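1. here is the input, now give the coordinates:
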Amino acid sequence: MVARLFPDLAEAYRGRGWVMLPTLDRIYDNQHARDVLGWAPRYDFRAAVELALADGDPRSPLARSVGAKGYHAEPTGVYTR
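-> Predicted coordinates for the structure are as follows:
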């Protein structure tokens, strides 16, 4: 699905020897926030991949500055490292 929707990103992945995730286990729909609040995200899937392609880190500048908050004694995944 990702390769179909973002063929240029899929090609960039292949060019770096990266492998796309074989499946997606969840998708969050922010359409309600867009409709009701007039919200428009600045960082979406494309932005995250472009950041990762640029320097290996897919996080937005805010996420980089905030970092992990250390709520867990031991890292349990991507959000606690």
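
2. ignoring the adjacent residues along the chain, who's closest to the residue nearest to the spatial centre of the chain?
-> With distances taken as Cα atoms, centre = their mean, Ala48 lies nearest the centre of the chain, 4.3 Å away. Leaving aside its chain neighbours, Ala48 sits nearest to Pro58 (4.2 Å; criterion: Cβ to Cβ, 6 or more residues apart in numbering). Placement of C-beta: from N, CA and C, glycine included.

3. is that neighbour in a helix, a strand, or coil?
-> coil (DSSP: H, G, I helix; E, B strand; the rest coil).

4. just give the number of residues close to it.
-> By other Cβ atoms under 10 Å, 17 other residues sit near Pro58.

5. measure it to Trp18 for me?
-> Applying Cβ to Cβ, to the nearest Å, the value for Pro58 to Trp18 is 12 Å.

6. so how far is stretch 54-69 off the chain centroid?
-> Relative to its parent chain, stretch 54-69 has a centroid offset of 10 Å by Cα atoms, centre = their mean, to the nearest Å.
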